[in-house]
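> whatever this is, show me its structure:
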Amino acid sequence: MRSRHLFVTMVLFVALVFGYAAVAPDTPGPPPAASTGAAPTAAVGAAPAYDVSHLREPPGRYLGVALAGAPRDMGKVDGFADLTGHRPNMITIYESFDDEFAAAEIRKIFQYGALPILRWEPYKAKLADIAAGRHDPYIRRFAAEVRRVNLPIALTIAHEMNGHWYPWGADTNDPADFVAAWRHIHALYAEAGATNVIWTWTPNVVNPVPTVPLEPLYPGDAYVDWIGIDGYFTHSGAKTFEGLFGPTMREVEEFTDRPFLVVETGSEPGAMRERSVRELFEAVRTEPKLLGFVYFNQKGSGDWVIDRDQRALATYRREAARGDRLGFRVR
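Numbers count the residues shown, from 1 in each chain. Just a heads-up that it's a prediction; the model follows:
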């Protein structure tokens, strides 16, 4: 009888050990950099959250790209690097608010040596409903996956909210609803311990919507790390960096001193494109608060693709080669 009891006890012990191994938390990702603040909340047994402080205040400047088919096909990124002579260190992902978190794509970008910038687009969810908690189960699940992947992510939510071309735009939403939705999402990420996020508030340049003030749409410095800006060089609009981005930067500086990142930009074809590329690089070198830019190398509202524009490509290659602070490798 005693042998039988011993055998049963051993079976139970082995089952418990292997049962725990089967459900133990998955914590991929590299060891985080040394933290400069309090440790975030995390599940027992989970690795500490990746410390993004060295990327939030980076040692160099970001040269990023948004490409159709990437990052699922990282060969697209390699092709762009071959054309421009420089590996991008920021790559864009677009996800609808009802998508599952693209963990595999995030890993691919980080392994490449770049920072993922995730643009989260609430096409089907109203800002007021997000703020009221009606989408909390989805947000909590998404935030938990962000924490589980444990890699750095720059996150934009409902970008270009001062425009009128998206369902979350200023003509159909109250600024208070946008602010409340942003803060609510931020709180749920904090609750999940997802501090591996750089919060990137991203309006459109104010030029086409000069009557929409930005300050009422700003969630506050406690909820924002970077000021993103989207703006394109077009034949019918501003054709210089100062003309395109200057008015927005000056307006934003009236209510915050957070640094800037051009999250989405491009230029229509013609002589203007070569000049636009040169001025983007010049601004990155001379504007102390400008962290870099992401070139949207796709066709969208215009033809922004520079693949066959030899003058623009030559300018990109030349300017990107000027200084090792441009396009540092993300770790």
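
> ranges for the helices of the chain?
2-23, 53-56, 75-84, 103-112, 127-131, 136-149, 175-191, 241-252, 271-286, 310-320 (DSSP state H).

> mind putting these into JSON lines with mean pLDDT?
Output for the helices of the chain, formatted as JSON lines (pLDDT from 0 to 100):
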{"stretch": "helix 2-23", "mean pLDDT": "34"}
{"stretch": "helix 53-56", "mean pLDDT": "97"}
{"stretch": "helix 75-84", "mean pLDDT": "96"}
{"stretch": "helix 103-112", "mean pLDDT": "98"}
{"stretch": "helix 127-131", "mean pLDDT": "98"}
{"stretch": "helix 136-149", "mean pLDDT": "98"}
{"stretch": "helix 175-191", "mean pLDDT": "98"}
{"stretch": "helix 241-252", "mean pLDDT": "98"}
{"stretch": "helix 271-286", "mean pLDDT": "96"}
{"stretch": "helix 310-320", "mean pLDDT": "96"}
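
> export these as a markdown table, with columns for distance to residue 160.
Yep, even glycine has a C-beta here, placed from its N, CA and C like the rest. Shown next, in a markdown table, are these (distance: least, C-beta to C-beta, whole Å):
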| stretch | distance to residue 160 |
| --- | --- |
| helix 2-23 | 42 |
| helix 53-56 | 22 |
| helix 75-84 | 24 |
| helix 103-112 | 22 |
| helix 127-131 | 13 |
| helix 136-149 | 21 |
| helix 175-191 | 11 |
| helix 241-252 | 12 |
| helix 271-286 | 19 |
| helix 310-320 | 25 |
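
> as JSON lines, those helices with mean neighbour count and distance to residue 167 would be great.
Formatted as JSON lines, the helices of the chain follow (neighbours: other C-beta atoms under 10 Å; distance: least, C-beta to C-beta, whole Å):
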{"stretch": "helix 2-23", "mean neighbour count": "9", "distance to residue 167": "39"}
{"stretch": "helix 53-56", "mean neighbour count": "18", "distance to residue 167": "30"}
{"stretch": "helix 75-84", "mean neighbour count": "16", "distance to residue 167": "29"}
{"stretch": "helix 103-112", "mean neighbour count": "18", "distance to residue 167": "24"}
{"stretch": "helix 127-131", "mean neighbour count": "20", "distance to residue 167": "9"}
{"stretch": "helix 136-149", "mean neighbour count": "18", "distance to residue 167": "17"}
{"stretch": "helix 175-191", "mean neighbour count": "19", "distance to residue 167": "12"}
{"stretch": "helix 241-252", "mean neighbour count": "18", "distance to residue 167": "22"}
{"stretch": "helix 271-286", "mean neighbour count": "19", "distance to residue 167": "30"}
{"stretch": "helix 310-320", "mean neighbour count": "18", "distance to residue 167": "34"}
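
> residue 74 - nearest residue in space that isn't next to it in sequence?
residue 108 (5.6 Å; C-beta to C-beta, 6 or more residues apart in numbering).

> so how far is residue 73 from that neighbour?
Distance of residue 108 to residue 73, given as C-beta to C-beta, to the nearest Å: 9 Å.

> distance of the nearest residue to residue 109 once chain neighbours are set aside relative to residue 156?
Spatially, and ignoring its direct neighbours in sequence, residue 109 is nearest to residue 116 (4.3 Å; C-beta to C-beta, 6+ apart). Between residue 116 and residue 156 the computed distance is 11 Å (C-beta to C-beta).

> same check on residue 63?
Counting by C-beta to C-beta, the gap from residue 63 to residue 156 is 18 Å.

> repeat that for residue 286.
Here the criterion is C-beta to C-beta. By it, residue 286 lies 25 Å from residue 156.

> residue 76 now?
Plainly put, residue 76 is 21 Å away from residue 156 if you go by C-beta to C-beta.

> before we move on, what about residue 124?
According to C-beta to C-beta, residue 124 stands 18 Å off from residue 156.

> out of those two, which sits in the busier spot?
When residue 124 and residue 156 are compared for neighbours, residue 156 comes out ahead with 25 against 11, by other C-beta atoms under 10 Å.

> I appreciate the help and will end here.
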